[in-house]
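*Asks:* what's the 3D shape of this:
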Amino acid sequence: MRSSTRVTLTLPLAACLAAPSLTRAQTAERYRGAADRIIAAATKDSAAWNRIAELTDTFGSRPAGSESLERAIDWTLSRMRADGLENVHGEAAMVPHWVRGAESAELITPRRKPLTMLGLGGSVGTPAAGITAPVVVVSSFDDLRAHGATVKGKIVLFDVPFTEYGQTVLYRVNGASAAAKLGASAMLLRSVASFSINSPHTGSMRYDSTVAKIPAAAIAVEDAMLLHRMQSRGQAITVHLQMSAHTLPDVRSRNVVGELRGSERPDEVVVMGGHIDSWDVGQGAMDDAGGVVAAWEALRVIKALGLHPRRTIRVVGWTNEEFGAHGGRAYRATHAADVEKHVFALESDNGVFRPYGIAVVGTDSAMAMLRRIAPLLQRIGADSVTRGEGEADIDPLLEAGVPGAGLHVDGTRYFWFHHTNGDTPDKLDPREVAQCVATMAVYAYVLADMPETLPRTPVAGATH
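*Replies:* As a prediction, this is how the structure comes out:
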(Lines give C-alpha, C1' and ligand atoms only; values in the text may rest on other atoms or scores of the structure.)
Protein backbone atom coordinates (compact mmCIF):
# COMPACT_ATOMS: atom_id res chain seq x y z
CA MET A 1 0.00 0.00 0.00
CA ARG A 2 2.74 2.39 0.90
CA SER A 3 5.74 3.81 -0.87
CA SER A 4 8.97 2.34 0.41
CA THR A 5 10.64 5.76 0.39
CA ARG A 6 9.94 7.94 3.38
CA VAL A 7 11.00 11.49 4.13
CA THR A 8 12.72 12.32 7.41
CA LEU A 9 10.99 15.25 9.08
CA THR A 10 12.50 17.98 11.20
CA LEU A 11 10.77 17.58 14.56
CA PRO A 12 9.19 20.55 16.27
CA LEU A 13 11.15 21.85 19.25
CA ALA A 14 8.30 20.92 21.59
CA ALA A 15 8.57 17.29 20.55
CA CYS A 16 12.32 17.28 21.03
CA LEU A 17 11.90 18.65 24.55
CA ALA A 18 9.01 16.36 25.45
CA ALA A 19 8.57 15.27 29.03
CA PRO A 20 10.05 11.91 30.01
CA SER A 21 7.87 8.98 28.94
CA LEU A 22 5.45 7.53 31.42
CA THR A 23 6.08 3.96 32.44
CA ARG A 24 3.46 1.27 31.87
CA ALA A 25 2.42 1.48 35.53
CA GLN A 26 2.30 5.28 35.50
CA THR A 27 0.19 5.29 32.36
CA ALA A 28 -2.26 2.86 33.94
CA GLU A 29 -2.36 4.86 37.15
CA ARG A 30 -2.90 8.19 35.40
CA TYR A 31 -5.49 7.08 32.83
CA ARG A 32 -7.25 4.07 34.35
CA GLY A 33 -10.12 6.12 35.71
CA ALA A 34 -10.76 7.96 32.44
CA ALA A 35 -10.39 4.79 30.37
CA ASP A 36 -12.86 2.90 32.56
CA ARG A 37 -15.36 5.74 32.24
CA ILE A 38 -14.92 5.81 28.46
CA ILE A 39 -15.40 2.04 28.14
CA ALA A 40 -18.48 2.08 30.37
CA ALA A 41 -20.06 4.97 28.45
CA ALA A 42 -19.25 3.51 25.03
CA THR A 43 -20.58 0.05 25.82
CA LYS A 44 -23.68 0.95 27.84
CA ASP A 45 -26.05 0.88 24.85
CA SER A 46 -26.38 0.43 21.07
CA ALA A 47 -26.06 4.11 20.17
CA ALA A 48 -23.24 3.55 17.67
CA TRP A 49 -24.97 0.65 15.91
CA ASN A 50 -28.20 2.64 15.75
CA ARG A 51 -26.38 5.52 14.09
CA ILE A 52 -24.76 3.19 11.54
CA ALA A 53 -28.17 1.75 10.73
CA GLU A 54 -29.78 5.18 10.40
CA LEU A 55 -27.03 6.46 8.12
CA THR A 56 -26.99 3.43 5.85
CA ASP A 57 -30.75 2.80 5.83
CA THR A 58 -31.46 6.44 4.99
CA PHE A 59 -28.89 6.98 2.26
CA GLY A 60 -28.01 3.46 1.10
CA SER A 61 -24.91 2.98 -1.00
CA ARG A 62 -22.66 6.03 -1.36
CA PRO A 63 -20.40 5.71 -4.40
CA ALA A 64 -18.07 8.55 -5.34
CA GLY A 65 -19.82 11.15 -7.47
CA SER A 66 -23.31 10.19 -6.33
CA GLU A 67 -26.05 12.33 -4.85
CA SER A 68 -26.49 9.78 -2.06
CA LEU A 69 -22.89 10.31 -0.92
CA GLU A 70 -23.27 14.08 -0.79
CA ARG A 71 -26.58 13.85 1.05
CA ALA A 72 -24.98 11.47 3.57
CA ILE A 73 -22.14 13.96 4.06
CA ASP A 74 -24.64 16.79 4.66
CA TRP A 75 -26.50 14.63 7.21
CA THR A 76 -23.30 13.67 9.01
CA LEU A 77 -22.14 17.27 9.28
CA SER A 78 -25.54 18.29 10.63
CA ARG A 79 -25.56 15.52 13.25
CA MET A 80 -21.98 16.29 14.30
CA ARG A 81 -23.00 19.89 14.95
CA ALA A 82 -26.01 18.69 16.92
CA ASP A 83 -23.64 16.57 19.04
CA GLY A 84 -21.70 19.71 19.91
CA LEU A 85 -18.50 18.82 18.09
CA GLU A 86 -16.27 21.77 17.23
CA ASN A 87 -15.00 23.08 13.90
CA VAL A 88 -17.43 20.87 11.97
CA HIS A 89 -16.99 21.37 8.24
CA GLY A 90 -16.44 19.71 4.89
CA GLU A 91 -13.08 19.84 3.09
CA ALA A 92 -13.16 19.73 -0.70
CA ALA A 93 -11.83 16.77 -2.66
CA MET A 94 -12.25 16.01 -6.35
CA VAL A 95 -13.34 12.43 -6.98
CA PRO A 96 -13.94 10.21 -10.03
CA HIS A 97 -17.49 9.37 -11.10
CA TRP A 98 -17.93 5.87 -12.50
CA VAL A 99 -21.47 4.66 -13.26
CA ARG A 100 -22.33 0.95 -13.40
CA GLY A 101 -25.43 1.12 -15.58
CA ALA A 102 -27.35 -1.95 -16.73
CA GLU A 103 -25.37 -5.18 -16.86
CA SER A 104 -25.84 -8.91 -17.23
CA ALA A 105 -23.97 -12.09 -18.03
CA GLU A 106 -25.45 -15.32 -19.37
CA LEU A 107 -24.04 -18.75 -20.05
CA ILE A 108 -25.13 -19.72 -23.59
CA THR A 109 -23.44 -23.10 -24.04
CA PRO A 110 -23.39 -25.89 -22.99
CA ARG A 111 -26.68 -24.69 -21.42
CA ARG A 112 -28.41 -21.38 -20.86
CA LYS A 113 -28.06 -19.94 -17.38
CA PRO A 114 -27.88 -16.40 -15.96
CA LEU A 115 -24.53 -15.74 -14.27
CA THR A 116 -24.57 -13.66 -11.10
CA MET A 117 -22.22 -10.76 -11.78
CA LEU A 118 -21.09 -7.27 -10.84
CA GLY A 119 -19.00 -5.08 -13.12
CA LEU A 120 -15.69 -3.96 -11.64
CA GLY A 121 -15.26 -0.31 -10.72
CA GLY A 122 -13.64 1.63 -13.53
CA SER A 123 -14.49 -0.91 -16.22
CA VAL A 124 -15.53 0.16 -19.67
CA GLY A 125 -18.79 -1.14 -21.06
CA THR A 126 -19.38 -3.59 -23.85
CA PRO A 127 -20.68 -2.59 -27.27
CA ALA A 128 -24.43 -1.96 -27.20
CA ALA A 129 -25.17 -5.46 -28.47
CA GLY A 130 -22.87 -6.99 -25.87
CA ILE A 131 -20.11 -9.54 -26.36
CA THR A 132 -20.79 -13.19 -27.09
CA ALA A 133 -17.63 -15.27 -27.09
CA PRO A 134 -16.05 -18.55 -26.02
CA VAL A 135 -14.63 -18.63 -22.50
CA VAL A 136 -11.16 -19.74 -21.46
CA VAL A 137 -10.81 -20.48 -17.75
CA VAL A 138 -7.37 -19.94 -16.19
CA SER A 139 -6.09 -20.37 -12.65
CA SER A 140 -3.28 -17.81 -12.53
CA PHE A 141 -1.36 -15.23 -14.54
CA ASP A 142 1.13 -17.97 -15.45
CA ASP A 143 -1.72 -20.16 -16.67
CA LEU A 144 -3.00 -17.27 -18.79
CA ARG A 145 0.40 -16.75 -20.38
CA ALA A 146 0.64 -20.48 -21.10
CA HIS A 147 -2.50 -20.20 -23.24
CA GLY A 148 -0.80 -17.53 -25.35
CA ALA A 149 -2.57 -16.49 -28.55
CA THR A 150 -5.35 -19.04 -28.06
CA VAL A 151 -7.25 -16.51 -25.91
CA LYS A 152 -7.54 -13.95 -28.72
CA GLY A 153 -11.14 -12.86 -29.15
CA LYS A 154 -12.29 -14.93 -26.18
CA ILE A 155 -13.50 -14.08 -22.69
CA VAL A 156 -10.91 -14.94 -20.05
CA LEU A 157 -12.19 -16.13 -16.67
CA PHE A 158 -9.74 -16.05 -13.76
CA ASP A 159 -10.90 -18.78 -11.39
CA VAL A 160 -8.48 -18.09 -8.54
CA PRO A 161 -9.49 -19.32 -5.07
CA PHE A 162 -9.22 -16.81 -2.22
CA THR A 163 -6.05 -17.18 -0.17
CA GLU A 164 -5.44 -13.78 1.38
CA TYR A 165 -6.71 -10.46 0.14
CA GLY A 166 -3.43 -8.81 -0.79
CA GLN A 167 -2.55 -11.63 -3.20
CA THR A 168 -5.95 -12.58 -4.59
CA VAL A 169 -7.01 -8.99 -5.27
CA LEU A 170 -4.20 -8.64 -7.83
CA TYR A 171 -6.38 -10.57 -10.29
CA ARG A 172 -9.20 -8.08 -9.82
CA VAL A 173 -6.91 -5.09 -10.22
CA ASN A 174 -4.70 -6.29 -13.09
CA GLY A 175 -6.59 -9.17 -14.70
CA ALA A 176 -8.28 -7.22 -17.49
CA SER A 177 -5.08 -5.76 -18.89
CA ALA A 178 -3.24 -9.07 -18.55
CA ALA A 179 -5.96 -10.71 -20.65
CA ALA A 180 -6.09 -7.79 -23.10
CA LYS A 181 -2.37 -8.16 -23.83
CA LEU A 182 -3.17 -11.53 -25.37
CA GLY A 183 -6.15 -10.21 -27.31
CA ALA A 184 -9.03 -11.25 -25.04
CA SER A 185 -12.37 -9.51 -25.63
CA ALA A 186 -13.41 -9.35 -21.94
CA MET A 187 -12.36 -10.52 -18.51
CA LEU A 188 -14.40 -12.30 -15.86
CA LEU A 189 -13.18 -12.90 -12.33
CA ARG A 190 -14.07 -15.33 -9.60
CA SER A 191 -15.13 -12.90 -6.86
CA VAL A 192 -12.48 -12.07 -4.28
CA ALA A 193 -14.35 -13.68 -1.39
CA SER A 194 -13.63 -16.07 1.45
CA PHE A 195 -17.24 -17.30 1.43
CA SER A 196 -20.13 -17.07 -1.00
CA ILE A 197 -23.83 -17.75 -1.31
CA ASN A 198 -24.02 -16.87 -5.00
CA SER A 199 -22.91 -13.35 -4.01
CA PRO A 200 -20.62 -11.47 -6.41
CA HIS A 201 -18.13 -8.93 -5.04
CA THR A 202 -17.23 -5.76 -6.91
CA GLY A 203 -14.13 -3.59 -6.40
CA SER A 204 -11.77 -1.36 -8.32
CA MET A 205 -9.59 -2.38 -11.23
CA ARG A 206 -6.92 -0.62 -13.29
CA TYR A 207 -6.07 -0.49 -16.96
CA ASP A 208 -2.56 -0.60 -18.40
CA SER A 209 -2.39 2.39 -20.74
CA THR A 210 -0.36 0.37 -23.28
CA VAL A 211 -3.14 -2.11 -24.08
CA ALA A 212 -6.81 -2.01 -25.07
CA LYS A 213 -9.44 -1.49 -22.39
CA ILE A 214 -11.74 -4.48 -22.21
CA PRO A 215 -14.88 -4.96 -20.05
CA ALA A 216 -14.27 -6.57 -16.67
CA ALA A 217 -16.73 -8.11 -14.21
CA ALA A 218 -16.77 -10.36 -11.18
CA ILE A 219 -19.01 -13.40 -11.09
CA ALA A 220 -20.13 -15.45 -8.10
CA VAL A 221 -17.68 -18.05 -6.81
CA GLU A 222 -20.19 -20.80 -7.58
CA ASP A 223 -20.52 -19.73 -11.22
CA ALA A 224 -16.76 -19.51 -11.68
CA MET A 225 -16.33 -23.03 -10.35
CA LEU A 226 -19.15 -24.26 -12.59
CA LEU A 227 -17.49 -22.91 -15.72
CA HIS A 228 -14.15 -24.35 -14.65
CA ARG A 229 -15.67 -27.81 -14.22
CA MET A 230 -17.26 -27.58 -17.64
CA GLN A 231 -13.92 -26.70 -19.25
CA SER A 232 -12.21 -29.57 -17.41
CA ARG A 233 -14.72 -31.97 -19.01
CA GLY A 234 -13.90 -30.61 -22.45
CA GLN A 235 -17.24 -28.84 -22.87
CA ALA A 236 -17.28 -25.72 -25.03
CA ILE A 237 -18.33 -22.67 -22.99
CA THR A 238 -19.90 -19.56 -24.48
CA VAL A 239 -20.99 -16.49 -22.51
CA HIS A 240 -22.90 -13.35 -23.44
CA LEU A 241 -21.76 -10.27 -21.49
CA GLN A 242 -23.54 -6.93 -21.56
CA MET A 243 -22.37 -3.86 -19.62
CA SER A 244 -23.21 -0.17 -20.00
CA ALA A 245 -20.58 1.00 -17.51
CA HIS A 246 -19.05 4.41 -18.20
CA THR A 247 -17.01 7.13 -16.53
CA LEU A 248 -18.22 10.73 -16.21
CA PRO A 249 -16.06 13.80 -15.45
CA ASP A 250 -14.64 14.16 -11.95
CA VAL A 251 -16.89 15.89 -9.42
CA ARG A 252 -16.43 17.77 -6.15
CA SER A 253 -16.96 15.88 -2.91
CA ARG A 254 -15.90 16.52 0.68
CA ASN A 255 -14.14 15.00 3.63
CA VAL A 256 -16.23 15.26 6.81
CA VAL A 257 -14.41 16.88 9.74
CA GLY A 258 -15.33 17.45 13.39
CA GLU A 259 -13.15 18.13 16.43
CA LEU A 260 -12.74 18.39 20.16
CA ARG A 261 -10.21 21.19 20.54
CA GLY A 262 -7.23 20.63 22.81
CA SER A 263 -7.02 22.50 26.09
CA GLU A 264 -3.27 23.24 26.02
CA ARG A 265 -1.86 22.30 22.61
CA PRO A 266 -4.79 22.68 20.19
CA ASP A 267 -2.49 22.84 17.17
CA GLU A 268 -1.31 19.26 17.84
CA VAL A 269 -3.75 16.69 16.46
CA VAL A 270 -4.75 13.09 16.95
CA VAL A 271 -6.82 12.19 13.88
CA MET A 272 -9.10 9.16 13.59
CA GLY A 273 -11.86 8.03 11.26
CA GLY A 274 -12.99 5.88 8.38
CA HIS A 275 -14.30 6.46 4.88
CA ILE A 276 -17.78 7.84 4.27
CA ASP A 277 -18.14 6.51 0.71
CA SER A 278 -18.98 2.95 -0.31
CA TRP A 279 -19.46 0.87 -3.41
CA ASP A 280 -22.76 1.15 -5.25
CA VAL A 281 -24.10 -2.16 -3.96
CA GLY A 282 -25.39 -3.00 -0.49
CA GLN A 283 -25.43 -0.21 2.08
CA GLY A 284 -21.75 0.13 2.95
CA ALA A 285 -22.44 -0.50 6.64
CA MET A 286 -19.45 -2.71 7.37
CA ASP A 287 -17.30 -0.98 4.73
CA ASP A 288 -17.13 1.67 6.03
CA ALA A 289 -19.95 3.61 7.66
CA GLY A 290 -19.08 1.59 10.74
CA GLY A 291 -15.55 3.00 10.83
CA VAL A 292 -16.75 6.59 10.46
CA VAL A 293 -19.43 6.21 13.12
CA ALA A 294 -17.12 4.39 15.56
CA ALA A 295 -14.65 7.29 15.46
CA TRP A 296 -17.43 9.87 15.59
CA GLU A 297 -19.08 8.15 18.56
CA ALA A 298 -15.69 7.83 20.26
CA LEU A 299 -15.29 11.60 20.15
CA ARG A 300 -18.88 12.18 21.24
CA VAL A 301 -18.34 9.94 24.28
CA ILE A 302 -15.13 11.76 25.25
CA LYS A 303 -16.93 15.09 25.01
CA ALA A 304 -20.02 13.86 26.87
CA LEU A 305 -17.83 12.72 29.77
CA GLY A 306 -16.35 16.20 30.07
CA LEU A 307 -12.82 15.03 29.29
CA HIS A 308 -10.56 17.76 27.92
CA PRO A 309 -7.28 16.40 26.51
CA ARG A 310 -4.26 18.62 25.95
CA ARG A 311 -4.32 18.12 22.18
CA THR A 312 -7.08 18.29 19.60
CA ILE A 313 -8.86 15.09 18.59
CA ARG A 314 -10.13 15.27 15.03
CA VAL A 315 -12.61 12.87 13.43
CA VAL A 316 -12.57 12.56 9.65
CA GLY A 317 -14.92 10.75 7.31
CA TRP A 318 -12.70 10.49 4.24
CA THR A 319 -14.39 10.53 0.84
CA ASN A 320 -13.71 8.13 -2.02
CA GLU A 321 -11.45 5.56 -0.44
CA GLU A 322 -13.00 2.85 -2.57
CA PHE A 323 -12.12 4.29 -5.93
CA GLY A 324 -8.66 5.76 -5.54
CA ALA A 325 -8.33 7.17 -1.99
CA HIS A 326 -8.71 10.74 -3.24
CA GLY A 327 -10.06 11.86 0.13
CA GLY A 328 -6.96 10.77 2.02
CA ARG A 329 -4.68 12.56 -0.41
CA ALA A 330 -6.84 15.68 -0.35
CA TYR A 331 -6.69 15.70 3.45
CA ARG A 332 -2.89 15.58 3.37
CA ALA A 333 -2.82 18.42 0.81
CA THR A 334 -5.27 20.55 2.79
CA HIS A 335 -3.22 20.09 5.96
CA ALA A 336 0.22 20.21 4.35
CA ALA A 337 1.30 23.10 6.55
CA ASP A 338 0.55 21.24 9.78
CA VAL A 339 1.35 17.61 9.01
CA GLU A 340 4.19 17.78 11.53
CA LYS A 341 1.59 18.64 14.16
CA HIS A 342 -0.28 15.37 13.57
CA VAL A 343 0.85 13.16 16.44
CA PHE A 344 -1.13 10.00 15.59
CA ALA A 345 -3.52 8.71 12.92
CA LEU A 346 -6.01 5.88 13.55
CA GLU A 347 -8.39 4.38 10.99
CA SER A 348 -11.08 1.70 11.10
CA ASP A 349 -11.64 0.11 7.66
CA ASN A 350 -11.87 -3.62 8.33
CA GLY A 351 -15.38 -3.79 9.72
CA VAL A 352 -16.40 -2.87 13.26
CA PHE A 353 -16.28 -6.46 14.45
CA ARG A 354 -14.84 -7.63 17.77
CA PRO A 355 -11.73 -5.51 18.38
CA TYR A 356 -8.44 -7.11 19.34
CA GLY A 357 -6.48 -3.86 19.52
CA ILE A 358 -4.46 -1.91 16.98
CA ALA A 359 -2.04 -2.75 14.16
CA VAL A 360 0.69 -0.13 14.15
CA VAL A 361 2.93 1.58 11.61
CA GLY A 362 5.69 3.27 13.57
CA THR A 363 9.05 2.92 15.28
CA ASP A 364 9.91 0.41 17.99
CA SER A 365 9.75 3.27 20.49
CA ALA A 366 6.26 4.20 19.30
CA MET A 367 5.19 0.57 19.64
CA ALA A 368 6.55 0.48 23.18
CA MET A 369 4.63 3.61 24.13
CA LEU A 370 1.41 2.27 22.64
CA ARG A 371 1.88 -0.96 24.57
CA ARG A 372 1.82 1.10 27.76
CA ILE A 373 -1.68 2.28 26.83
CA ALA A 374 -2.97 -1.13 25.72
CA PRO A 375 -3.63 -2.61 29.21
CA LEU A 376 -6.32 0.02 29.73
CA LEU A 377 -8.39 -2.00 27.23
CA GLN A 378 -7.73 -5.42 28.70
CA ARG A 379 -11.21 -5.61 30.22
CA ILE A 380 -12.76 -5.78 26.72
CA GLY A 381 -9.99 -7.90 25.20
CA ALA A 382 -8.71 -5.09 22.97
CA ASP A 383 -5.19 -4.84 24.38
CA SER A 384 -3.22 -6.28 21.45
CA VAL A 385 -0.60 -4.07 19.78
CA THR A 386 0.90 -5.62 16.66
CA ARG A 387 2.74 -4.48 13.54
CA GLY A 388 0.47 -3.49 10.67
CA GLU A 389 0.48 -2.02 7.19
CA GLY A 390 -1.71 1.04 7.78
CA GLU A 391 -4.96 1.92 6.01
CA ALA A 392 -5.55 3.69 2.71
CA ASP A 393 -6.92 7.00 3.99
CA ILE A 394 -4.18 7.61 6.55
CA ASP A 395 -1.44 6.32 4.26
CA PRO A 396 -0.47 9.83 3.03
CA LEU A 397 0.07 10.83 6.67
CA LEU A 398 2.06 7.68 7.41
CA GLU A 399 4.25 8.44 4.41
CA ALA A 400 5.01 11.80 6.00
CA GLY A 401 6.24 10.10 9.16
CA VAL A 402 3.11 10.34 11.29
CA PRO A 403 2.83 7.24 13.51
CA GLY A 404 -0.48 5.50 12.99
CA ALA A 405 -2.53 2.35 13.19
CA GLY A 406 -5.49 0.48 11.87
CA LEU A 407 -8.12 -0.87 14.23
CA HIS A 408 -7.38 -4.61 14.50
CA VAL A 409 -10.60 -6.62 14.53
CA ASP A 410 -11.81 -10.19 14.05
CA GLY A 411 -11.82 -10.40 10.26
CA THR A 412 -13.41 -13.85 10.00
CA ARG A 413 -16.54 -12.58 8.25
CA TYR A 414 -15.22 -9.47 6.54
CA PHE A 415 -14.65 -10.99 3.11
CA TRP A 416 -18.01 -12.74 3.22
CA PHE A 417 -19.72 -9.39 2.66
CA HIS A 418 -16.97 -7.09 1.34
CA HIS A 419 -18.19 -5.08 -1.69
CA THR A 420 -21.45 -7.03 -2.01
CA ASN A 421 -25.17 -6.47 -1.75
CA GLY A 422 -24.88 -8.18 1.65
CA ASP A 423 -23.03 -5.29 3.32
CA THR A 424 -25.94 -4.16 5.49
CA PRO A 425 -26.11 -3.19 9.19
CA ASP A 426 -27.51 -6.53 10.34
CA LYS A 427 -24.05 -8.02 9.73
CA LEU A 428 -22.69 -5.99 12.65
CA ASP A 429 -23.18 -6.84 16.31
CA PRO A 430 -24.10 -3.78 18.43
CA ARG A 431 -21.92 -4.94 21.32
CA GLU A 432 -18.87 -5.40 19.08
CA VAL A 433 -19.47 -2.01 17.48
CA ALA A 434 -19.56 -0.43 20.95
CA GLN A 435 -16.27 -2.11 21.87
CA CYS A 436 -14.70 -0.63 18.73
CA VAL A 437 -15.92 2.79 19.84
CA ALA A 438 -14.35 2.24 23.26
CA THR A 439 -11.02 1.13 21.76
CA MET A 440 -10.74 4.12 19.46
CA ALA A 441 -11.82 6.51 22.21
CA VAL A 442 -9.28 5.28 24.77
CA TYR A 443 -6.36 5.50 22.35
CA ALA A 444 -7.45 8.88 21.03
CA TYR A 445 -7.93 10.37 24.47
CA VAL A 446 -4.72 9.09 26.04
CA LEU A 447 -2.55 10.00 23.03
CA ALA A 448 -4.13 13.45 22.95
CA ASP A 449 -3.55 14.00 26.67
CA MET A 450 -0.30 12.30 27.65
CA PRO A 451 2.65 14.68 28.25
CA GLU A 452 4.86 13.27 25.49
CA THR A 453 4.15 12.42 21.86
CA LEU A 454 5.04 9.28 19.95
CA PRO A 455 8.30 9.49 17.98
CA ARG A 456 7.75 10.06 14.28
CA THR A 457 8.68 7.47 11.69
CA PRO A 458 11.98 8.42 10.01
CA VAL A 459 12.06 8.13 6.26
CA ALA A 460 15.18 7.69 4.19
CA GLY A 461 16.39 10.29 1.75
CA ALA A 462 15.36 13.52 3.43
CA THR A 463 17.25 16.59 4.42
CA HIS A 464 16.89 18.30 7.79
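*Asks:* switch to C-alpha atoms for all contacts and neighbour counts from now on
*Replies:* Noted.
*Asks:* Now do the contacts for residue 347.
*Replies:* Going by CA atoms under 8 Å, 6 or more residues apart in numbering, residue 347 touches 272, 273, 274, 291, 391, 393, 394, 405, 406, 407.
*Asks:* cutoff 6 Å now
*Replies:* Neighbouring residues of residue 347 by CA atoms under 6 Å, 6 or more residues apart in numbering: 272, 273, 274, 406.
*Asks:* next one: residue 143
*Replies:* Neighbouring residues of residue 143 by CA under 6 Å, 6+ apart: there are none.
*Asks:* SS state for it?
*Replies:* Classification of residue 143 using DSSP: H, G, I helix; E, B strand; the rest coil returns helix.
*Asks:* just residue 277 next, same as before
*Replies:* coil.
*Asks:* what about residue 412, neighbour count?
*Replies:* 9 (other CA atoms under 10 Å).
*Asks:* Sorry, slip of the keys, the one I care about is residue 336.
*Replies:* Residues within reach of residue 336, counting by other CA under 10 Å, total 12.
*Asks:* so how far is residue 396 from it?
*Replies:* Distance from residue 336 to residue 396, counting by CA to CA, to the nearest Å: 10 Å.
*Asks:* just to revisit the earlier point, format the contacts of residue 347 as TSV; extra columns: distance to residue 171.
*Replies:* Output for those, formatted as TSV (distance: CA to CA, whole Å):
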residue	distance to residue 171
272	31
273	29
274	26
406	25
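*Asks:* Among those residues, which ones are in strands?
*Replies:* 272, 273, 274, 406 (DSSP state E).
*Asks:* mind giving me the domain ranges of the chain?
*Replies:* By the assignment in automatic domain parsing, the chain contains the domains 13-97+249-449, 101-244.
*Asks:* Throw together a PyMOL command that grabs the buried residues out of the ones in strands among the contacts of residue 347.
*Replies:* The buried residues among the ones in strands among the contacts of residue 347 can be selected in PyMOL (16 or more other CA atoms under 10 Å) with this line:
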select buried, resi 272+273+274+406
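*Asks:* Looking at the ones in strands among the contacts of residue 347, which one is closest to residue 216?
*Replies:* Nearest to residue 216 among those is residue 274, at 28.0 Å by CA to CA.
*Asks:* Quick check: the closest one touching residue 348?
*Replies:* Yes. Counting by CA atoms under 6 Å, residue 348 is a contact partner of residue 274 at 5.3 Å.
*Asks:* what touches both of those two?
*Replies:* residue 291.
*Asks:* check contacts around residue 248.
*Replies:* So residue 248 contacts residue 97 (CA under 6 Å, 6+ apart).
*Asks:* List the buried residues of the host helix or strand of it.
*Replies:* Assigning secondary structure by DSSP states H and E places residue 248 in strand 246-260. Neighbour-count burial for strand 246-260 flags 246, 253, 254, 255, 256, 257, 258, 259, 260 (criterion: 16+ other CA under 10 Å).
*Asks:* what would those residues look like in a markdown table with distance to residue 100 and pLDDT?
*Replies:* Below are the buried residues of strand 246-260 laid out as a markdown table (distance: CA to CA, whole Å; pLDDT from 0 to 100):
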| residue | distance to residue 100 | pLDDT |
| --- | --- | --- |
| 246 | 7 | 98 |
| 253 | 19 | 98 |
| 254 | 22 | 98 |
| 255 | 24 | 98 |
| 256 | 26 | 98 |
| 257 | 29 | 98 |
| 258 | 32 | 98 |
| 259 | 36 | 98 |
| 260 | 39 | 98 |
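*Asks:* out of these, who's nearest residue 321?
*Replies:* Once CA to CA is applied, the member of those that ends up nearest residue 321 is residue 255, at 10.6 Å.
*Asks:* so how far is residue 405 from the most centrally placed residue in the chain?
*Replies:* Residue closest to the average C-alpha location in the chain (CA atoms, centre = their mean): residue 349, at 4.2 Å. Using CA to CA, one gets 11 Å for the distance from residue 349 to residue 405.
*Asks:* ok, now residue 166?
*Replies:* For residue 166, the distance to residue 405 - CA to CA - is 18 Å.
*Asks:* Have a look at the two and say which one is more surrounded.
*Replies:* The neighbour comparison of residue 166 against residue 405 (other CA under 10 Å) goes to residue 405, with 28 against 9.
*Asks:* what is the more buried one paired to in the beta sheet?
*Replies:* Counting by DSSP bridges, residue 405 forms beta bridges with residue 346, residue 360.
*Asks:* what about residue 164, how many neighbours?
*Replies:* Quick note: residue 164 (other CA under 10 Å) scores 12 neighbours.
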